[in-house]
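Colleague: Let me see the structure of the following:
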Amino acid sequence: MNSTTHRIFLSSMTAIVVAAFIGLIYIGRSYYLVDLDQRFFQADYNAFKPSGSIGHGLGILGSFLMLSGVFLYMARKRIRKFSRIGILKHWLEFHIFLCTLGPLLILFHTSFKFGGLVAISFWSMVAVALSGVIGRFIYLQIPKTIEGRAMSLSEIEDFRSNITKELKENYPIKDRFFEIFETESSSVKNRLRIIKDELKTQGLKRKEKRKILKLFKSEITLNKRIKRLKLMQKLFEYWHVVHLPFAILMIVIMIVHIGVTLLFGYRWIF
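Modeller: Numbers count the residues shown, from 1 in each chain. So this is what the prediction gives:
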């Protein structure tokens, strides 16, 4: 998927969520926009109530989308035979799409009326959705390979070691250059200026100076990635404490809710 196709893909998913929200508000405005105690008298009550033809269908479809979003993404991450199907980043975006559209449909399924066990499931769903947004932000900060896979700390440090090795083996770089570069008390811009001034005294060609500075700048980028990755890994640990328990609670209560619904004889259009 090239960048243009990817942008169209993201725009399409966003448009579907927005269109679903606006469309449901529009077709159910005579029901959703009145007080709860007045809905029974609305002409659309039998269609839009949680057990109605539309309301019940929204619950089924929303639950299906959410469960699909969760288990498809888990399968892509954890089952080896699926590991080469698409880029993980795109699977994450599709997971977010399904787990945004699904809760939206369930919100309309509830008719904005929460209580009892369903309320626990709903607010767990809200917590999962909000923490998912935060998780998406954290994920975007993690350095990735060209395939979209999150890079490990050892991979980044290997890249940095290779740069240092190339500098030492191919150019007359003295240890004091690295000492200057690694002095964190000075700004990066100031360190680069000092190194640039030092290079002028080495009798190097202009092309070599540019190459050396480019390698040092690459090392700056990798150092930033290492610091960012360590921070994001720590944040991910805290994020899982919130996201996973609420997701499990939501799914368990959803299954209980579906089971109770079937036990009491509620059926949709079949």
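Colleague: gap between the helix or strand hosting R225 and the chain center?
Modeller: Element membership for R225, per DSSP states H and E: helix 206-263. When C-alpha coordinates are averaged (C-alpha atoms, centre = their mean, to the nearest Å), helix 206-263 and its chain have centres 8 Å apart.
Colleague: now stretch 96-114
Modeller: How far stretch 96-114 lies from its chain's middle: 19 Å, per C-alpha atoms, centre = their mean.
Colleague: list the buried ones in it?
Modeller: 96-111 (16 or more other C-beta atoms under 10 Å). For every residue, glycine as well, the C-beta is placed using N, CA and C.
Colleague: same check, this time on stretch 23-31
Modeller: Residues L24, G28, Y31 are the ones in stretch 23-31 that count as buried (16+ other C-beta under 10 Å).
Colleague: about what we covered before: return the closest of the buried residues of stretch 96-114 with respect to L235.
Modeller: Using C-beta to C-beta, I96 comes nearest to L235 of the buried residues of stretch 96-114, at 17.8 Å.
Colleague: What is the subsequent helix or strand relative to the helix or strand that contains that closest one?
Modeller: In this assignment (DSSP H and E), I96 forms part of helix 88-109. Scanning forward in sequence from helix 88-109 by DSSP H and E, the next helix or strand is helix 116-141.
Colleague: Now do that following helix: which elements does it pack against?
Modeller: With contacts defined as 3 or more C-beta pairs under 8 Å, 6 or more residues apart in numbering; DSSP states H and E, the packing partners of helix 116-141 are helix 88-109, helix 206-263.
Colleague: If we use 6 Å, what do you get?
Modeller: Packing partners of helix 116-141 (3 or more C-beta pairs under 6 Å, 6 or more residues apart in numbering; DSSP states H and E): helix 206-263.
Colleague: just checking, what packs against the helix it packs on?
Modeller: With contacts taken as 3+ C-beta pairs under 6 Å, 6+ apart, helix 206-263 sits against helix 116-141, helix 153-170.
Colleague: Sketch out the low-pLDDT regions of the stretch 151-270 of the chain for me.
Modeller: The model of the stretch 151-270 of the chain has pLDDT under 70 over residues 151-156, 159-160, 167-169, 171-188, 191, 194, 198-204, 240, 265-270.
Colleague: now do 80
Modeller: Within the stretch 151-270 of the chain, the stretches with pLDDT under 80 are 151-247, 249-250, 253, 257-270.
Colleague: How about the residue nearest the centre of the chain: what's its closest non-neighbour residue?
Modeller: Centroid check for the chain by C-alpha atoms, centre = their mean gives R136 as the closest residue, at 2.5 Å. Closest residue in space to R136, ignoring its immediate chain neighbours: I96 at 6.0 Å, by C-beta to C-beta, 6 or more residues apart in numbering.
Colleague: measure the nearest residue to L235 once chain neighbours are set aside to F236 for me?
Modeller: Leaving out its chain neighbours, the residue that sits closest to L235 by C-beta to C-beta, 6+ apart is I138, at 5.3 Å. Distance, I138 to F236, by C-beta to C-beta, to the nearest Å: 6 Å.
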